[in-house]
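Asker: Need the 3D shape of this:
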Amino acid sequence: MLWQTIIDYQREIYLTFAGHIKTFAAGGGWLPFLAFLPMGIAFGAVHAMTPGHSKSVLATYLAGSSMQAHRALLVSIALSFTHVGMAVLIALLALPLVSHSFGDAGSAPLLQAVSRGLLGLIGTWMLWSALFRPAHFHSHGEGVAVGFFAGLVPCPLTLFVMTFAMLHQVVVTGILFAITMMIGVGLTLSVVALLAVFFRDQLSRLLATRPRLLAAASKSIEAIAGFALLAVAIHEVLFA
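Answerer: Predicted coordinates:
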């Protein structure tokens, strides 16, 4: 029921957006479109709740890291920006990379393979870190790199939005709507990031009086997270 409600809500916003694009392309002016534009934030936020968008990758990585909330938010922002931005770039510069078949509409297999391969490297790095690095040690750029790599898989709905705007020769409207969608996606992924940090911090508090057990638990979570990322990457590359 919940998923159907989300799908119906997305469909309603998308159809309304399509109507505004057609009106704008026919000379309807900027005001009606700009008045509707903030709905892109809700559109992106709701869309990011559906399966995909690397939410599991984000939560897994942050649960196994030692990042504080503000750095975790940077990771979610990097993921959101790359996820939506790649879709815009593909639509503008490399649309032939995108499959136009009905079953694979909105996919970019090459970018998906690259993204999963890079995430596999991150997973391997986390496994190595759990075995050989001191507990709670993560470089400042590592998390942003994870967000960037995970976001290389483009947002399919952004591709549809951009393609629709391009077909009606009003590219700027698609870019503006994509920007508002990115804000919405970022809001949802930021909530996921903060929940992952909260879970990890609560576990740390429970084990605060037992530092050796806490260190072992931290290492174990990091190793499990690394293994999970590596396993997902291998599965996606070999069987996708």
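Asker: quick one: contacts for residue 22?
Answerer: residue 168 (C-beta atoms under 8 Å, 6 or more residues apart in numbering). In this view, the C-beta of every residue, glycine as well, is placed from N, C-alpha and C.
Asker: Now do it, the pLDDT please.
Answerer: Reported pLDDT at residue 22 in the predicted model: 87.
Asker: what separates it from residue 166, distance-wise?
Answerer: Using C-beta to C-beta, to the nearest Å, residue 22 is found at 14 Å from residue 166.
Asker: I'd like to know which elements the top helix by length along the chain is packed against.
Answerer: The single longest helix within the chain, with elements called by DSSP state H, is helix 171-206. Counting contacts by 3 or more C-beta pairs under 8 Å, 6 or more residues apart in numbering; DSSP states H and E, helix 171-206 packs against helix 2-25, helix 39-47, helix 55-63, helix 69-93, helix 156-167, helix 211-239.
Asker: nearest to residue 121, of these?
Answerer: For residue 121, the closest of the helices and strands packed on helix 171-206 is helix 211-239, at 8.1 Å, according to C-beta to C-beta.
Asker: Return the distance of the closest one from the chain's centre.
Answerer: The chain centroid and the centroid of helix 211-239 are separated by 19 Å under C-alpha atoms, centre = their mean, to the nearest Å.
Asker: shaky segments in this structure?
Answerer: Applying pLDDT under 70 to the chain flags the ranges 1-3, 52-53, 94-112, 115, 134-140, 208, 214-215, 236-237, 239-240.
Asker: For the longest helix of the chain, which residues meet the burial criterion?
Answerer: Of the residues in helix 171-206, 173-174, 176-190, 192-193, 196-197, 200 count as buried by neighbour count, 16 or more other C-beta atoms under 10 Å.
Asker: same check, this time on stretch 17-36
Answerer: In stretch 17-36, counting by 16+ other C-beta under 10 Å, buried: 17, 20, 21, 24, 33, 36.
Asker: Nearest to residue 79 among these?
Answerer: residue 17 (23.4 Å).
Asker: Now for the residue nearest to that closest one when sequence neighbours are not counted: which residues touch it?
Answerer: Spatial nearest neighbour of residue 17, chain neighbours left out: residue 177 (6.3 Å); criterion: C-beta to C-beta, 6 or more residues apart in numbering. Counting by C-beta under 8 Å, 6+ apart, residue 177 touches 17, 37, 40, 161, 165.
Asker: now residue 69
Answerer: By C-beta under 8 Å, 6+ apart, the contact set of residue 69 is 193, 194, 197.
Asker: rerun that using 6 Å as the cut-off
Answerer: 194, 197 (C-beta atoms under 6 Å, 6 or more residues apart in numbering).
Asker: Kindly report the same for the one 10 residues further on.
Answerer: Neighbouring residues of residue 79 by C-beta under 6 Å, 6+ apart: 54, 147, 150, 151, 189.
Asker: For residue 182, see how far away the third one is.
Answerer: In this structure, residue 150 lies at 15 Å from residue 182, with C-beta to C-beta as the measure.
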